[in-house]
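Chemist: this one's structure only:
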(Lines give C-alpha, C1' and ligand atoms only; values in the text may rest on other atoms or scores of the structure.)
Protein backbone atom coordinates (compact mmCIF):
# COMPACT_ATOMS: atom_id res chain seq x y z
CA UNK A 1 0.00 0.00 0.00
CA UNK A 2 1.44 3.39 -1.02
CA UNK A 3 1.59 5.68 2.05
CA UNK A 4 3.33 8.68 3.54
CA UNK A 5 3.47 10.62 6.81
CA UNK A 6 3.41 14.42 6.44
CA UNK A 7 4.21 16.99 9.12
CA UNK A 8 6.87 19.36 10.43
CA UNK A 9 10.28 18.06 11.57
CA UNK A 10 13.96 18.97 11.64
CA UNK A 11 14.86 16.38 9.02
CA UNK A 12 12.97 16.00 5.76
CA UNK A 13 14.23 13.21 3.46
CA UNK A 14 15.76 14.67 0.30
CA UNK A 15 16.02 18.22 1.72
CA UNK A 16 18.87 20.00 3.50
CA UNK A 17 16.55 21.80 5.94
CA UNK A 18 13.60 20.91 8.10
CA UNK A 19 10.05 22.25 8.05
CA UNK A 20 6.83 20.91 6.57
CA UNK A 21 7.24 17.91 4.30
CA UNK A 22 7.03 14.15 3.82
CA UNK A 23 8.60 12.60 6.91
CA UNK A 24 8.21 8.91 6.06
CA UNK A 25 7.06 7.13 2.91
CA UNK A 26 6.56 3.57 1.71
CA UNK A 27 9.19 2.22 -0.70
CA UNK A 28 6.66 1.84 -3.52
CA UNK A 29 5.29 5.41 -3.33
CA UNK A 30 4.99 6.87 -6.84
CA UNK A 31 5.69 10.62 -7.26
CA UNK A 32 2.26 11.37 -8.74
CA UNK A 33 0.55 9.52 -5.87
CA UNK A 34 2.68 11.41 -3.34
CA UNK A 35 1.61 14.70 -4.90
CA UNK A 36 -2.09 13.82 -4.67
CA UNK A 37 -1.75 12.70 -1.06
CA UNK A 38 0.18 15.77 0.07
CA UNK A 39 -2.56 18.00 -1.33
CA UNK A 40 -4.96 16.37 1.16
CA UNK A 41 -2.68 16.89 4.18
CA UNK A 42 -3.44 19.46 6.87
CA UNK A 43 -0.96 21.98 8.28
CA UNK A 44 -3.25 23.74 10.78
CA UNK A 45 -5.71 22.48 13.37
CA UNK A 46 -7.07 24.23 16.43
CA UNK A 47 -5.00 23.18 19.48
CA UNK A 48 -6.94 21.15 22.03
CA UNK A 49 -4.30 19.08 23.80
CA UNK A 50 -2.58 20.32 27.02
CA UNK A 51 1.20 20.61 27.22
CA UNK A 52 1.49 17.34 29.12
CA UNK A 53 -1.34 15.21 27.72
CA UNK A 54 -2.68 11.99 29.16
CA UNK A 55 -3.42 8.96 27.01
CA UNK A 56 -7.08 9.96 27.19
CA UNK A 57 -6.21 13.43 25.87
CA UNK A 58 -4.29 11.91 22.97
CA UNK A 59 -7.06 9.43 22.17
CA UNK A 60 -9.61 12.27 22.11
CA UNK A 61 -7.76 14.52 19.65
CA UNK A 62 -9.95 15.94 16.86
CA UNK A 63 -9.50 14.13 13.56
CA UNK A 64 -9.62 15.46 10.01
CA UNK A 65 -10.28 13.00 7.17
CA UNK A 66 -10.08 13.89 3.49
CA UNK A 67 -10.78 11.52 0.61
CA UNK A 68 -10.78 11.85 -3.18
CA UNK A 69 -11.63 9.21 -5.76
CA UNK A 70 -8.69 8.93 -8.19
CA UNK A 71 -8.47 6.46 -11.09
CA UNK A 72 -10.49 3.72 -9.45
CA UNK A 73 -8.86 4.08 -6.02
CA UNK A 74 -8.99 6.49 -3.08
CA UNK A 75 -6.46 9.11 -2.04
CA UNK A 76 -6.97 9.50 1.71
CA UNK A 77 -5.40 11.57 4.50
CA UNK A 78 -6.19 11.37 8.21
CA UNK A 79 -4.75 14.26 10.24
CA UNK A 80 -4.41 14.97 13.98
CA UNK A 81 -2.61 17.62 16.03
CA UNK A 82 0.87 16.50 17.02
CA UNK A 83 2.06 18.91 19.74
CA UNK A 84 5.27 20.90 19.29
CA UNK A 85 7.61 20.58 16.34
CA UNK A 86 11.39 20.18 16.47
CA UNK A 87 11.84 23.89 17.32
CA UNK A 88 9.51 23.67 20.31
CA UNK A 89 6.84 25.64 18.48
CA UNK A 90 3.27 24.39 19.16
CA UNK A 91 0.78 23.66 16.42
CA UNK A 92 2.34 20.73 14.61
CA UNK A 93 -0.06 18.49 12.70
CA UNK A 94 0.71 15.02 11.40
CA UNK A 95 -1.13 13.51 8.42
CA UNK A 96 -1.04 9.80 7.61
CA UNK A 97 -2.00 9.46 3.96
CA UNK A 98 -2.56 6.38 1.80
CA UNK A 99 -3.73 5.22 -1.58
CA UNK A 100 -6.48 2.69 -0.87
CA UNK A 101 -8.07 0.21 -3.27
CA UNK A 102 -11.84 -0.39 -3.00
CA UNK A 103 -12.81 -3.28 -0.71
CA UNK A 104 -16.11 -5.15 -0.85
CA UNK A 105 -18.27 -4.48 2.18
CA UNK A 106 -16.57 -1.17 3.02
CA UNK A 107 -17.69 2.29 1.99
CA UNK A 108 -14.90 4.86 1.45
CA UNK A 109 -15.80 6.87 4.56
CA UNK A 110 -15.60 3.71 6.68
CA UNK A 111 -11.81 3.94 6.37
CA UNK A 112 -12.05 6.81 8.86
CA UNK A 113 -12.38 4.11 11.52
CA UNK A 114 -9.49 1.86 10.48
CA UNK A 115 -7.35 1.10 13.55
CA UNK A 116 -4.18 1.29 11.46
CA UNK A 117 -3.83 5.07 11.10
CA UNK A 118 -0.72 6.55 12.71
CA UNK A 119 -1.20 9.47 15.11
CA UNK A 120 2.20 10.16 16.76
CA UNK A 121 2.46 13.07 19.21
CA UNK A 122 5.67 15.04 19.74
CA UNK A 123 8.95 15.20 17.79
CA UNK A 124 10.38 11.92 19.09
CA UNK A 125 7.23 9.88 18.36
CA UNK A 126 7.00 11.40 14.88
CA UNK A 127 10.63 10.60 14.12
CA UNK A 128 10.20 7.01 15.34
CA UNK A 129 6.90 6.37 13.51
CA UNK A 130 6.82 3.33 11.20
CA UNK A 131 4.27 3.07 8.41
CA UNK A 132 2.31 -0.22 8.43
CA UNK A 133 2.54 -2.52 5.42
CA UNK A 134 -1.25 -2.23 4.99
CA UNK A 135 -4.08 -0.45 6.75
CA UNK A 136 -6.41 -2.79 8.61
CA UNK A 137 -9.81 -3.02 7.00
CA UNK A 138 -12.41 -0.80 8.54
CA UNK A 139 -15.81 -2.13 9.62
CA UNK A 140 -18.66 -1.79 7.15
CA UNK A 141 -22.41 -1.46 7.64
CA UNK A 142 -22.37 -3.75 10.69
CA UNK A 143 -20.16 -1.28 12.60
CA UNK A 144 -22.30 1.69 11.55
CA UNK A 145 -25.50 -0.17 12.46
CA UNK A 146 -24.08 -1.01 15.90
CA UNK A 147 -23.29 2.69 16.39
CA UNK A 148 -26.86 3.62 15.47
CA UNK A 149 -28.23 1.13 17.98
CA UNK A 150 -25.99 2.11 20.88
CA UNK A 151 -27.73 2.17 24.25
CA UNK A 152 -29.20 5.49 25.35
CA UNK A 153 -28.66 6.91 21.87
CA UNK A 154 -31.25 9.02 20.07
CA UNK A 155 -29.62 8.26 16.74
CA UNK A 156 -32.38 5.93 15.58
CA UNK A 157 -34.94 8.70 16.01
CA UNK A 158 -32.80 11.00 13.83
CA UNK A 159 -31.95 8.35 11.25
CA UNK A 160 -35.15 8.72 9.24
CA UNK A 161 -34.91 12.46 8.55
CA UNK A 162 -31.15 12.44 7.95
CA UNK A 163 -31.56 9.57 5.47
CA UNK A 164 -34.48 11.24 3.68
CA UNK A 165 -32.96 14.70 3.41
CA UNK A 166 -29.38 13.57 2.81
CA UNK A 167 -30.32 11.15 0.03
CA UNK A 168 -32.61 13.68 -1.61
CA UNK A 169 -29.76 16.18 -1.83
CA UNK A 170 -27.12 13.70 -2.95
CA UNK A 171 -29.31 12.10 -5.62
CA UNK A 172 -30.19 15.52 -7.00
CA UNK A 173 -26.48 16.07 -7.54
CA UNK A 174 -26.17 18.55 -4.66
CA UNK A 175 -23.52 18.74 -1.98
CA UNK A 176 -24.22 18.86 1.75
CA UNK A 177 -22.62 19.71 5.08
CA UNK A 178 -23.17 17.35 8.01
CA UNK A 179 -22.69 19.37 11.18
CA UNK A 180 -21.87 17.16 14.16
CA UNK A 181 -20.23 17.46 17.60
CA UNK A 182 -17.23 15.36 16.46
CA UNK A 183 -15.63 14.24 13.23
CA UNK A 184 -16.33 10.61 14.18
CA UNK A 185 -20.06 11.30 14.43
CA UNK A 186 -20.07 13.13 11.10
CA UNK A 187 -18.22 10.17 9.56
CA UNK A 188 -20.81 7.73 10.90
CA UNK A 189 -23.68 9.73 9.39
CA UNK A 190 -21.78 9.93 6.12
CA UNK A 191 -21.42 6.14 6.30
CA UNK A 192 -25.20 5.79 6.75
CA UNK A 193 -25.88 7.92 3.68
CA UNK A 194 -23.33 6.23 1.46
CA UNK A 195 -24.55 2.76 2.42
CA UNK A 196 -28.05 3.81 1.38
CA UNK A 197 -26.57 4.77 -2.01
CA UNK A 198 -25.62 2.02 -4.43
CA UNK A 199 -21.93 1.09 -4.43
CA UNK A 200 -21.11 2.76 -7.75
CA UNK A 201 -22.50 6.15 -6.71
CA UNK A 202 -21.05 5.84 -3.19
CA UNK A 203 -17.56 5.28 -4.57
CA UNK A 204 -17.62 8.68 -6.25
CA UNK A 205 -18.45 10.69 -3.12
CA UNK A 206 -15.62 13.11 -2.36
CA UNK A 207 -15.30 13.61 1.41
CA UNK A 208 -14.03 16.22 3.82
CA UNK A 209 -14.71 15.20 7.43
CA UNK A 210 -13.69 17.15 10.54
CA UNK A 211 -13.35 20.56 8.92
CA UNK A 212 -13.74 23.62 11.14
CA UNK A 213 -14.60 27.29 10.71
CA UNK A 214 -11.07 28.08 9.49
CA UNK A 215 -10.67 25.26 6.99
CA UNK A 216 -14.15 24.82 5.56
CA UNK A 217 -14.10 27.84 3.25
CA UNK A 218 -11.09 26.56 1.32
CA UNK A 219 -12.35 22.97 1.23
CA UNK A 220 -15.86 23.89 0.07
CA UNK A 221 -14.19 25.55 -2.89
CA UNK A 222 -12.72 22.17 -3.90
CA UNK A 223 -16.25 20.79 -4.45
CA UNK A 224 -16.45 17.89 -2.00
CA UNK A 225 -19.78 16.05 -1.98
CA UNK A 226 -20.09 15.52 1.79
CA UNK A 227 -18.41 17.81 4.34
CA UNK A 228 -18.36 16.97 8.03
CA UNK A 229 -18.27 20.20 10.05
CA UNK A 230 -17.51 20.44 13.76
CA UNK A 231 -18.65 23.72 15.30
CA UNK A 232 -20.11 26.78 13.62
CA UNK A 233 -18.95 28.39 10.39
CA UNK A 234 -19.50 31.69 8.60
CA UNK A 235 -22.49 31.18 6.23
CA UNK A 236 -20.54 33.00 3.52
CA UNK A 237 -17.82 30.33 3.72
CA UNK A 238 -20.42 27.62 3.05
CA UNK A 239 -21.31 29.14 -0.34
CA UNK A 240 -24.95 28.13 -0.12
CA UNK A 241 -24.30 24.43 0.52
CA UNK A 242 -27.16 23.07 2.70
CA UNK A 243 -26.25 22.33 6.32
CA UNK A 244 -27.83 19.36 8.11
CA UNK A 245 -27.27 19.63 11.85
CA UNK A 246 -27.26 15.98 12.88
CA UNK A 247 -28.35 16.88 16.43
CA UNK A 248 -31.74 18.18 15.24
CA UNK A 249 -34.73 16.21 16.53
CA UNK A 250 -37.56 16.47 13.98
CA UNK A 251 -41.20 15.44 14.34
CA UNK A 252 -41.57 12.14 12.48
CA UNK A 253 -45.35 11.98 12.97
CA UNK A 254 -45.81 15.45 11.47
CA UNK A 255 -43.56 14.50 8.55
CA UNK A 256 -45.61 11.38 7.92
CA UNK A 257 -48.85 13.36 8.10
CA UNK A 258 -47.84 16.03 5.58
CA UNK A 259 -45.36 13.97 3.58
CA UNK A 260 -42.40 16.28 4.17
CA UNK A 261 -39.67 17.14 6.65
CA UNK A 262 -39.39 20.81 7.58
CA UNK A 263 -35.93 21.69 8.85
CA UNK A 264 -35.27 24.41 11.46
CA UNK A 265 -33.59 26.27 8.59
CA UNK A 266 -37.01 26.51 6.90
CA UNK A 267 -36.14 24.11 4.06
CA UNK A 268 -38.58 21.32 3.23
CA UNK A 269 -37.80 17.86 1.83
CA UNK A 270 -40.00 14.86 0.91
CA UNK A 271 -40.55 12.16 3.53
CA UNK A 272 -40.26 8.90 1.58
CA UNK A 273 -41.62 5.63 3.03
CA UNK A 274 -38.80 3.64 1.41
CA UNK A 275 -36.15 5.15 3.69
CA UNK A 276 -37.88 3.60 6.71
CA UNK A 277 -35.96 0.48 5.70
CA UNK A 278 -32.83 2.18 7.02
CA UNK A 279 -34.12 1.55 10.55
CA UNK A 280 -34.87 -2.09 9.74
CA UNK A 281 -31.40 -2.55 8.24
CA UNK A 282 -29.86 -1.19 11.43
CA UNK A 283 -31.50 -4.06 13.36
CA UNK A 284 -31.03 -6.77 10.72
CA UNK A 285 -28.50 -9.55 11.12
CA UNK A 286 -25.20 -8.62 9.50
CA UNK A 287 -25.40 -11.28 6.78
CA UNK A 288 -28.98 -10.32 5.95
CA UNK A 289 -28.12 -6.62 5.68
CA UNK A 290 -25.14 -7.42 3.45
CA UNK A 291 -27.33 -9.58 1.19
CA UNK A 292 -29.86 -6.74 0.91
CA UNK A 293 -27.20 -4.20 -0.09
CA UNK A 294 -25.69 -6.62 -2.62
CA UNK A 295 -29.10 -7.30 -4.13
CA UNK A 296 -29.87 -3.58 -4.30
CA UNK A 297 -26.60 -2.98 -6.19
CA UNK A 298 -27.45 -5.80 -8.61
CA UNK A 299 -30.88 -4.26 -9.30
CA UNK A 300 -29.49 -0.75 -9.80
CA UNK A 301 -26.81 -2.02 -12.16
CA UNK A 302 -29.43 -3.95 -14.14
CA UNK A 303 -31.51 -0.78 -14.42
CA UNK A 304 -28.50 1.21 -15.61
CA UNK A 305 -27.58 -1.47 -18.16
CA UNK A 306 -31.08 -1.14 -19.61
CA UNK A 307 -30.49 2.62 -20.04
CA UNK A 308 -32.90 3.43 -17.23
CA UNK A 309 -33.08 7.00 -15.99
CA UNK A 310 -31.91 6.53 -12.40
CA UNK A 311 -33.56 9.15 -10.21
CA UNK A 312 -33.56 9.87 -6.50
CA UNK A 313 -36.69 7.80 -5.97
CA UNK A 314 -35.17 4.67 -7.53
CA UNK A 315 -32.43 4.18 -4.94
CA UNK A 316 -35.04 3.79 -2.22
CA UNK A 317 -37.35 1.65 -4.35
CA UNK A 318 -34.64 -0.79 -5.37
CA UNK A 319 -33.51 -1.01 -1.75
CA UNK A 320 -37.10 -1.89 -0.86
CA UNK A 321 -37.24 -4.58 -3.56
CA UNK A 322 -33.99 -6.03 -2.23
CA UNK A 323 -35.30 -5.96 1.34
CA UNK A 324 -38.54 -7.75 0.49
CA UNK A 325 -36.74 -10.26 -1.74
CA UNK A 326 -34.04 -11.29 0.74
CA UNK A 327 -34.84 -14.27 2.99
CA UNK A 328 -34.78 -13.35 6.66
CA UNK A 329 -35.21 -9.61 6.10
CA UNK A 330 -38.97 -9.14 6.52
CA UNK A 331 -40.99 -12.27 7.11
CA UNK A 332 -44.22 -10.64 8.30
CA UNK A 333 -46.51 -7.74 7.36
CA UNK A 334 -45.43 -7.95 3.72
CA UNK A 335 -48.62 -7.41 1.73
CA UNK A 336 -49.02 -3.63 2.05
CA UNK A 337 -45.38 -2.72 1.28
CA UNK A 338 -45.37 -5.15 -1.66
CA UNK A 339 -48.52 -3.62 -3.17
CA UNK A 340 -47.16 -0.08 -2.72
CA UNK A 341 -43.89 -1.14 -4.32
CA UNK A 342 -45.54 -2.76 -7.34
CA UNK A 343 -47.47 0.43 -8.04
CA UNK A 344 -44.24 2.44 -8.22
CA UNK A 345 -42.66 0.63 -11.19
CA UNK A 346 -43.47 0.65 -14.89
CA UNK A 347 -44.25 -2.55 -16.79
CA UNK A 348 -40.67 -3.12 -17.92
CA UNK A 349 -39.21 -3.22 -14.40
CA UNK A 350 -42.39 -4.87 -13.16
CA UNK A 351 -41.55 -7.83 -15.41
CA UNK A 352 -38.27 -8.48 -13.59
CA UNK A 353 -38.30 -11.85 -11.76
CA UNK A 354 -38.08 -10.24 -8.32
CA UNK A 355 -41.16 -8.08 -8.95
CA UNK A 356 -43.07 -10.95 -10.58
CA UNK A 357 -42.43 -13.11 -7.52
CA UNK A 358 -43.58 -10.36 -5.15
CA UNK A 359 -46.68 -9.77 -7.25
CA UNK A 360 -47.52 -13.48 -7.15
CA UNK A 361 -47.14 -13.45 -3.38
CA UNK A 362 -49.97 -10.95 -3.00
CA UNK A 363 -52.06 -12.41 -5.83
CA UNK A 364 -51.74 -9.46 -8.18
CA UNK A 365 -49.85 -11.18 -10.96
CA UNK A 366 -49.54 -14.93 -10.40
CA UNK A 367 -46.56 -16.76 -11.77
CA UNK A 368 -47.25 -19.07 -14.75
CA UNK A 369 -48.83 -22.32 -13.53
CA UNK A 370 -46.40 -25.13 -12.82
CA UNK A 371 -46.92 -28.60 -14.28
CA UNK A 372 -49.21 -30.84 -12.28
CA UNK A 373 -47.38 -32.72 -9.54
CA UNK A 374 -48.29 -36.41 -9.53
CA UNK A 375 -47.39 -36.69 -5.85
CA UNK A 376 -49.91 -34.09 -4.81
CA UNK A 377 -47.43 -31.47 -3.60
CA UNK A 378 -48.88 -27.91 -3.52
CA UNK A 379 -48.31 -25.74 -6.55
CA UNK A 380 -45.26 -23.58 -5.74
CA UNK A 381 -46.85 -20.69 -7.64
CA UNK A 382 -49.65 -20.52 -5.07
CA UNK A 383 -48.77 -18.38 -2.07
CA UNK A 384 -49.20 -20.40 1.12
CA UNK A 385 -51.97 -19.46 3.49
CA UNK A 386 -50.80 -17.22 6.31
CA UNK A 387 -50.49 -19.07 9.62
CA UNK A 388 -51.19 -16.43 12.30
CA UNK A 389 -49.38 -18.41 15.01
CA UNK A 390 -46.26 -18.79 12.86
CA UNK A 391 -46.47 -15.09 12.00
CA UNK A 392 -46.67 -14.22 15.69
CA UNK A 393 -43.63 -16.38 16.52
CA UNK A 394 -41.62 -14.75 13.73
CA UNK A 395 -42.75 -11.36 14.99
CA UNK A 396 -41.56 -12.16 18.52
CA UNK A 397 -38.17 -13.28 17.19
CA UNK A 398 -37.85 -10.09 15.12
CA UNK A 399 -38.71 -7.84 18.06
CA UNK A 400 -36.47 -9.68 20.52
CA UNK A 401 -33.56 -9.45 18.07
CA UNK A 402 -34.19 -5.69 17.90
CA UNK A 403 -34.05 -5.35 21.70
CA UNK A 404 -37.81 -5.06 22.36
CA UNK A 405 -38.76 -6.69 25.67
CA UNK A 406 -41.72 -8.71 24.37
CA UNK A 407 -42.20 -10.79 27.54
CA UNK A 408 -42.27 -7.67 29.67
CA UNK A 409 -44.87 -6.03 27.42
CA UNK A 410 -47.02 -9.17 27.55
CA UNK A 411 -46.75 -9.43 31.33
CA UNK A 412 -47.70 -5.78 31.83
CA UNK A 413 -50.53 -5.86 29.30
CA UNK A 414 -49.00 -2.97 27.35
CA UNK A 415 -48.15 -4.75 24.10
CA UNK A 416 -49.95 -2.21 21.92
CA UNK A 417 -49.20 0.84 24.03
CA UNK A 418 -47.03 3.56 22.54
CA UNK A 419 -47.05 2.05 19.04
CA UNK A 420 -45.85 5.32 17.54
CA UNK A 421 -42.53 4.82 19.32
CA UNK A 422 -41.72 1.88 17.04
CA UNK A 423 -40.83 1.57 13.37
CA UNK A 424 -43.57 0.54 10.91
CA UNK A 425 -42.26 -3.03 10.77
CA UNK A 426 -42.11 -3.31 14.55
CA UNK A 427 -45.66 -1.96 14.86
CA UNK A 428 -46.84 -4.66 12.44
CA UNK A 429 -44.96 -7.27 14.47
CA UNK A 430 -46.63 -6.17 17.71
CA UNK A 431 -50.05 -6.37 16.06
CA UNK A 432 -49.25 -9.86 14.71
CA UNK A 433 -48.58 -11.05 18.26
CA UNK A 434 -51.72 -9.36 19.59
CA UNK A 435 -53.90 -11.15 17.00
CA UNK A 436 -53.18 -14.60 18.48
CA UNK A 437 -53.65 -13.62 22.12
CA UNK A 438 -56.85 -14.21 24.09
CA UNK A 439 -59.32 -11.29 24.09
CA UNK A 440 -59.17 -8.64 26.83
CA UNK A 441 -61.92 -10.35 28.81
CA UNK A 442 -59.48 -13.15 29.52
CA UNK A 443 -57.07 -10.71 31.10
CA UNK A 444 -54.15 -10.45 28.77
CA UNK A 445 -54.23 -7.40 26.53
CA UNK A 446 -55.75 -3.99 27.27
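Modeler: Received, thanks. Remember, predicted model here, so these are calculated numbers, not experimental data. Numbers count the residues shown, from 1 in each chain.

Chemist: could you pull out the helices for the stretch 1-150 of the chain?
Modeler: Remark: helices assigned in the stretch 1-150 of the chain by DSSP state H, counting those that start in this stretch are 31-38, 55-59, 123-128, 141-149.

Chemist: of the ones you listed, which stretch is the most buried?
Modeler: Counting by mean count of other CB atoms under 10 Å, helix 141-149 has the highest mean neighbour count of those, with a mean of 19. (C-beta placed from N, C-alpha, C; glycine too.)

Chemist: next structured bit after that one?
Modeler: Following helix 141-149 in sequence order, the next helix or strand is helix 155-171 (DSSP states H and E).

Chemist: mind listing what's buried along stretch 46-57?
Modeler: With burial defined by 16 or more other CB atoms under 10 Å, the residues of stretch 46-57 counted as buried are 49, 53.

Chemist: name the residues that touch that stretch?
Modeler: Surrounding stretch 46-57, the residues in contact under the criterion CB atoms under 8 Å, 6 or more residues apart in numbering are 58, 61, 62, 81, 83, 90, 91, 121, 212, 214.

Chemist: who's in contact with the nearest residue to residue 26 once chain neighbours are set aside?
Modeler: Spatial nearest neighbour of residue 26, excluding adjacent residues (CB to CB, 6 or more residues apart in numbering): residue 3 at 4.7 Å. Each residue near residue 3 by CB under 8 Å, 6+ apart is listed here: 25, 26, 29, 96, 97, 98, 99, 131, 132, 135.

Chemist: okay, residue 3 and residue 45: tell me how far apart.
Modeler: When CB to CB, to the nearest Å is applied, the distance between residue 3 and residue 45 equals 20 Å.

Chemist: likewise residue 234?
Modeler: Counting by CB to CB, the gap between residue 234 and residue 45 amounts to 18 Å.

Chemist: neighbour count for those two, which is higher?
Modeler: Neighbours were counted for residue 234 and for residue 45 using other CB atoms under 10 Å; residue 45 has more, 21 against 10.

Chemist: the more buried one reaches residue 83, doesn't it?
Modeler: No - because the distance of 11.4 Å does not satisfy CB atoms under 8 Å, residue 45 is recorded as not touching residue 83.

Chemist: excluding chain neighbours, give the residue nearest to residue 260 in space.
Modeler: If you skip the residues right next to it in sequence, residue 260 has residue 268 as its closest partner in space, 5.0 Å away by CB to CB, 6+ apart.

Chemist: hey, what's the one you found bridged with?
Modeler: Going by DSSP bridges, residue 268 is paired in beta bridges with residue 262.

Chemist: the helices in the stretch 201-350 of the chain, which residues?
Modeler: 216-220, 235-238, 252-258, 277-283, 286-305, 312-325, 335-342, 347-350.

Chemist: give me the helices and strands touching the fourth one, please.
Modeler: Counting contacts by 3 or more CB pairs under 8 Å, 6 or more residues apart in numbering; DSSP states H and E, helix 277-283 is packed against helix 141-149, helix 155-171, helix 312-325.

Chemist: rebuild those helices as TSV, extending it with distance to residue 238 and mean pLDDT.
Modeler: As requested, these are exported to TSV (distance: least, CB to CB, whole Å; pLDDT from 0 to 100):
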stretch	distance to residue 238	mean pLDDT
helix 141-149	26	96
helix 155-171	14	93
helix 312-325	23	89
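
Chemist: quick check: which of these is nearest to residue 191?
Modeler: With CB to CB, the closest approach to residue 191 among those belongs to helix 141-149: 4.4 Å.

Chemist: list the helices and strands that closest one packs on?
Modeler: With contacts defined as 3+ CB pairs under 8 Å, 6+ apart, the packing partners of helix 141-149 are helix 155-171, helix 183-196, helix 277-283, helix 286-305.

Chemist: pipe those helices into JSON lines and attach distance to residue 342 and mean neighbour count per row.
Modeler: Formatted as JSON lines, the entries for those read as follows, by distance: least, CB to CB, whole Å; neighbours: other CB atoms under 10 Å:
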{"stretch": "helix 155-171", "distance to residue 342": "22", "mean neighbour count": "21"}
{"stretch": "helix 183-196", "distance to residue 342": "22", "mean neighbour count": "25"}
{"stretch": "helix 277-283", "distance to residue 342": "16", "mean neighbour count": "22"}
{"stretch": "helix 286-305", "distance to residue 342": "15", "mean neighbour count": "18"}
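
Chemist: dump those helices to TSV, plus distance to residue 203.
Modeler: Formatted as TSV, those follow (distance: least, CB to CB, whole Å):
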stretch	distance to residue 203
helix 155-171	13
helix 183-196	9
helix 277-283	20
helix 286-305	11
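
Chemist: of all those helices, which lies closest to residue 107?
Modeler: Closest approach to residue 107 among those is made by helix 183-196 (4.5 Å; CB to CB).

Chemist: pLDDT weak spots in the protein?
Modeler: 365-387, 389-390, 393-394, 397, 401-403, 418, 420-421, 424, 439-446 (pLDDT under 70).

Chemist: domains in it, by residue range?
Modeler: Following automatic domain parsing, the chain resolves into domains at 3-128, 141-270, 284-361, 388-442.

Chemist: now those as TSV including distance to residue 277?
Modeler: Shown next, in TSV, are those (distance: least, CB to CB, whole Å):
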stretch	distance to residue 277
domain 3-128	17
domain 141-270	9
domain 284-361	5
domain 388-442	9
